[in-house]
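Asker: the sequence and its predicted three-dimensional model are supplied below.
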Amino acid sequence: MSDPRGLNAEIEGYLLDLTHVAHRHLGDDLLGLYLHGSAVQVDLWPQTSDLDVLGVIVHPLSDERRAGLAADLAHQTRPIPAIGLELILCLADQARAPSYDFHFEFALSTGATWPTEIEPPGVASDVLINVALCRQMGRALSGPPADTLFGPVPRAALTRAVADELRWHQQNLDDPLSASSAANAVLNAARAVFAAETGRIISKTEGGLWWLAERPQDYLVRKAVAIRQGDPSVFLSHQAVRAFLVHALGEIERDLISPGD
């Protein structure tokens with residue numbers, strides 16, 4: 001089986017173009033732009049992985065800037081050499097002191113099979129996961145090292161954020177599940193438990209392998225890793241995935257720090 005996890009010339013060219021587009025629309029307001037997610041964790045599988053980018057800006061965006069940036073980065077304008085793009089921008093003050101109720105200024109998702117969507121400014125705890133990963137190993141597409149703009153993520157807030165992510169998976173499990181969606185849910189759950197125990201964010205594949213090192217007889221996770229790595233013959237049942245999410249969430253909730261700790 002071939003291993004496509006490296007960033008090839010097409011992806012590198014796309015990231016360079018994305019950076020130029022961001023600077024053209026944001027100018028001096030853009031303090032830093034960072035690649036994170038599977039692309040920096042040597043776990044990018046272009047048929048199932050997206051490109052995740054997190055940026056820091058000085059001032060809130062006008063409606064005109066939002067629309068222009070989104071139009072220039074929509075997949076229909078600039079085809080993405082992966083399943084999609086998720087770009088989030090946050091204000092510098094929020095980046096310096098990340099909290100559970102993390103406020104983002106701009107969020108764009110677009111892809112060949114995704115609708116191009118722009119979310120209005122709002123609050124999303126899952127952005128904390130992105131911030132934590134950026135501080136660990138985010139790749140600067142523009143600006144200084146990520147940990148100069150992003151402050152430390154409080155451990156309790158990160159644990160709550162990964163628990164929220166698993167609740168989202170529970171609420172959004174299609175039936176029947178596609179193989180990639182099932183594997184994504186299971187491996188996100190495994191790495192969420194790791195994050196709750198250690199305060200670190202690892203890749204989906206690493207999360208599955210860590211889980212198997214502790215629990216080698218867990219064939220559900222073993223199958224999820226195989227799907228992630230491109231095995232088309234593996235199937236995970238909706239019932240088994242849902243039960244695994246319940247189990248993982250129970251482990252995380254035991255790690256949650258009570259208010260005041």
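Answerer: Okay, I see it.
Asker: neighbours of residue 140, how many?
Answerer: Neighbourhood size, residue 140 [other Cβ atoms under 10 Å]: 16. C-beta: built from backbone N, CA, C; applies to glycine.
Asker: so which elements touch the helix or strand hosting residue 208?
Answerer: Per DSSP states H and E, residue 208 falls inside helix 204-214. If you count contacts as 3 or more Cβ pairs under 8 Å, 6 or more residues apart in numbering; DSSP states H and E, helix 204-214 packs onto helix 179-198, helix 219-228.
Asker: to residue 153, which of those lies closest?
Answerer: helix 179-198 (10.2 Å; Cβ to Cβ).
Asker: angle of that closest one against helix 204-214?
Answerer: 70 degrees (axes from the mean of the first three to the mean of the last three Cα atoms, to 10 degrees).
Asker: mean confidence score for helix 179-198?
Answerer: Averaging pLDDT along helix 179-198 gives 94.
Asker: quick check: the closest residue to residue 238 other than its chain neighbours vs residue 231, distance?
Answerer: Leaving aside its chain neighbours, residue 238 sits nearest to residue 175 (4.6 Å; criterion: Cβ to Cβ, 6 or more residues apart in numbering). For residue 175, the distance to residue 231 equals 22 Å [Cβ to Cβ, to the nearest Å].
Asker: show me which of those two is the more surrounded one.
Answerer: residue 231 (13 against 9).
Asker: helix/strand/coil for the residue nearest to residue 238?
Answerer: Three-state call for residue 175 (DSSP: H, G, I helix; E, B strand; the rest coil): coil.
Asker: okay, it: pLDDT?
Answerer: pLDDT at residue 175 comes out at 79.
Asker: surely it and residue 236 touch.
Answerer: No - Residue 175 lies out of contact with residue 236 (Cβ atoms under 8 Å); the separation is 11.9 Å.
Asker: so what touches stretch 19-34?
Answerer: Contact with stretch 19-34 is made by 53-59, 65, 68-69, 72-73, 78, 92, 134, 138-144, 146, 149, as judged by Cβ atoms under 8 Å, 6 or more residues apart in numbering.
Asker: just the buried members of those?
Answerer: Among the contacts of stretch 19-34, the ones that count as buried by 16 or more other Cβ atoms under 10 Å are 53-57, 65, 68-69, 72-73, 134, 138-143, 146, 149.
Asker: out of those residues, which sit inside strands?
Answerer: 53-57, 139-142 (DSSP state E).
Asker: give me every residue that touches residue 134.
Answerer: Contacts of residue 134 by Cβ under 8 Å, 6+ apart are 34, 36, 54, 146-147, 150.
Asker: which one is it nearest to, not counting chain neighbours?
Answerer: Closest to residue 134 by Cβ to Cβ, 6+ apart is residue 146, at 4.2 Å.
Asker: give me the pLDDT for the one you found.
Answerer: pLDDT for residue 146: 97.
Asker: name the helix or strand for the closest residue to residue 67 other than its chain neighbours, please.
Answerer: Among residues not flanking residue 67 along the chain, residue 118 sits closest, at 7.7 Å (Cβ to Cβ, 6+ apart). Per DSSP H and E: residue 118 is located in strand 117-119.
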